[in-house]
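Chemist: Sequence and computational prediction follow.
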Amino acid sequence: MQQAIGKYRWTICSLLFFATTVNYLDRQVLSLLKPELEKPELFGWTNSQYADIASVFQFTYAIAMLFAGRIIDKMGTKKGFTWAIIIWSIGAIVHALAIPIGKSMASVLGWAGLAAVPVSVLGFMFARAVLAIGEAGNFPAAIKATAEYFPKKERSFATGIFNSGTNVGAILAPLSVPWIAENWGWRAAFIIIGAIGFIWLIFWLIYYERPEKQKRLSAAEFEYINSDTKDTAAADANEKVSWFKLLRYKQTWAFAVGKFMTDGVWWFFLFWLPAYLKDQYGMEKMAIMLPLAVLYSMTMFGSIGGGYFPVYFIRKGFQPYDGRMRAMILIALIPLVVLAAQPLGNISYWLPVILIGIAASAHQAWSANLFTTVSDMFPKKAVASIVGIGGMAGGIGGVIVTKVGGALFDHYKALGHIKTGYTIMFAFCAVAYVIAWVIMKALVPKYKPITDL
């Protein structure tokens, strides 16, 4: 059957997977170098200053996501993704120049009363902002490409596969970044990892084209891709959908709430776990490589398995959205295991690592399905814009989680009880998904696709 239909769409899925891998490699370098960069002999950052730097990425990402979706809808997937990875790869490399950039910014901003901000903080804020602008294009473009190349019944599985690139990036980063920094210095880590995006770009330009223009795609596979939708390529080509019109739909708000409540959890795990292992177990540099690699390896199962999970309900006759929501409530219960991370952490650091790994795996399963609810509900012409709106909501949620976390850790560290700060943050991470699901279900109780755009 697969041979008769063709399988070029999975080549596109592979490209999206590798792009997402590079995306997460680039964004994780800073968190892995935090224990080194915050040392007094280097930059001497506090947790709040690191949170400020991380928050610039998240806030810029949030705003850029809103526009990224619209820009990609306008430019098209191929050109939009091309510019996204060029910008974020440059942004990743620019981290190596944070000090001279920070000095230049300090001299310009001194008149505004910002001279008190450390030069290193300013420089890294600038680099994170550039990185965020580019990286904001990854998911709107990838979800749009998935909507173009896959029928609805395969989209969550395809999304789960390319979304597992976040896990692979998170695995490869602790296996490579500390080693590069140890042997060649922290600047080399940013430059080498950042340059990988340009290699991916070569393959993207060669192999990607819209399905109706793709010479490598068979007629049978093209027909299969469009077999369960009336949303034609011709109708999508030049139509624009107003943001304000999209905000009238409860489906938009359901997706935005899901992202707002849960994106910050994943970013907390991504940006703060190296700091957690140092603060509670004195682990840094090469010592964190194995536990983080094991933790993020676990998330692979959640991303791919979670994307496939709703198929069980869909085969029983449920509409795609209704089957997805049934799967998502079961997934939402899994992160509750994080409530046991701190109580069991006194036995061995491996226990919280495993429990956090289970929760992070559940997040990836949740994320694969959450993204796919957009293409369940909206026509292709609006998919990237909706993903952008939700991404902005998720970024704002991430800013709040990061800033609160940084403040809590500095507060309890001064009191000599930093474990309490992590206990509070883990408690929020545990319950966020159940809260998100309840609100989403209240907004959109049953499958109701948008047909009037």
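Modeler: Thanks, I have it.

Chemist: just the helices in the stretch 101-250 of the chain please.
Modeler: 119-135, 138-149, 152-163, 165-184, 186-207, 219-225, 233-236, 243-246, 250-281 (DSSP state H, counting those that start in this stretch).

Chemist: between those helices, which gets the lowest average pLDDT?
Modeler: Note on the helices of the stretch 101-250 of the chain: lowest mean pLDDT is at helix 233-236, with a mean of 45.

Chemist: before we move on, the earlier item: can you check which of the helices of the stretch 101-250 of the chain gets nearest to Lys446?
Modeler: helix 250-281 (11.3 Å; CB to CB). Every residue, glycine included, has its C-beta placed from N, CA and C.

Chemist: Packing partners of that closest one?
Modeler: helix 8-37, helix 47-75, helix 289-308, helix 350-377, helix 380-414, helix 418-443 (3 or more CB pairs under 8 Å, 6 or more residues apart in numbering; DSSP states H and E).

Chemist: By mean pLDDT, show me the worst of those.
Modeler: helix 289-308 has the lowest average pLDDT among the helices and strands packed on helix 250-281, namely a mean of 81.

Chemist: any idea of the angle it forms with helix 152-163?
Modeler: 170 degrees (axes from the mean of the first three to the mean of the last three CA atoms, to 10 degrees).

Chemist: still on that earlier bit, buried deepest among the helices and strands packed on helix 250-281, which one?
Modeler: By mean neighbour count, with neighbours taken as mean count of other CB atoms under 10 Å, helix 350-377 ranks first of those at a mean of 25.

Chemist: sorry, back to before: same list (the helices of the stretch 101-250 of the chain) but as TSV, adding mean neighbour count and distance to Val311.
Modeler: Compiled in TSV, the helices of the stretch 101-250 of the chain are given as follows (neighbours: other CB atoms under 10 Å; distance: least, CB to CB, whole Å):
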stretch	mean neighbour count	distance to Val311
helix 119-135	24	30
helix 138-149	28	15
helix 152-163	24	7
helix 165-184	20	20
helix 186-207	17	27
helix 219-225	16	17
helix 233-236	13	26
helix 243-246	14	28
helix 250-281	23	20
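
Chemist: nearest to Lys316, of these?
Modeler: The nearest among the helices of the stretch 101-250 of the chain, by CB to CB, is helix 152-163 at 13.3 Å.

Chemist: Using PDB, write out the CA atom coordinates for that closest one.
Modeler: The C-alpha trace of helix 152-163 is given here as PDB (Å, rounded to 0.1, in the frame of the first residue of the first chain):
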ATOM      1  CA  LYS A 152      -5.300  14.700   8.800                       C
ATOM      2  CA  LYS A 153      -5.200  11.200  10.000                       C
ATOM      3  CA  GLU A 154      -1.400  11.100   9.800                       C
ATOM      4  CA  ARG A 155      -0.600  14.600  11.000                       C
ATOM      5  CA  SER A 156      -0.300  14.000  14.700                       C
ATOM      6  CA  PHE A 157       2.000  11.100  14.000                       C
ATOM      7  CA  ALA A 158       4.100  13.200  11.600                       C
ATOM      8  CA  THR A 159       4.100  16.000  14.100                       C
ATOM      9  CA  GLY A 160       5.200  13.600  16.800                       C
ATOM     10  CA  ILE A 161       8.100  12.500  14.700                       C
ATOM     11  CA  PHE A 162       9.400  15.900  13.800                       C
ATOM     12  CA  ASN A 163       8.700  17.200  17.300                       C
END
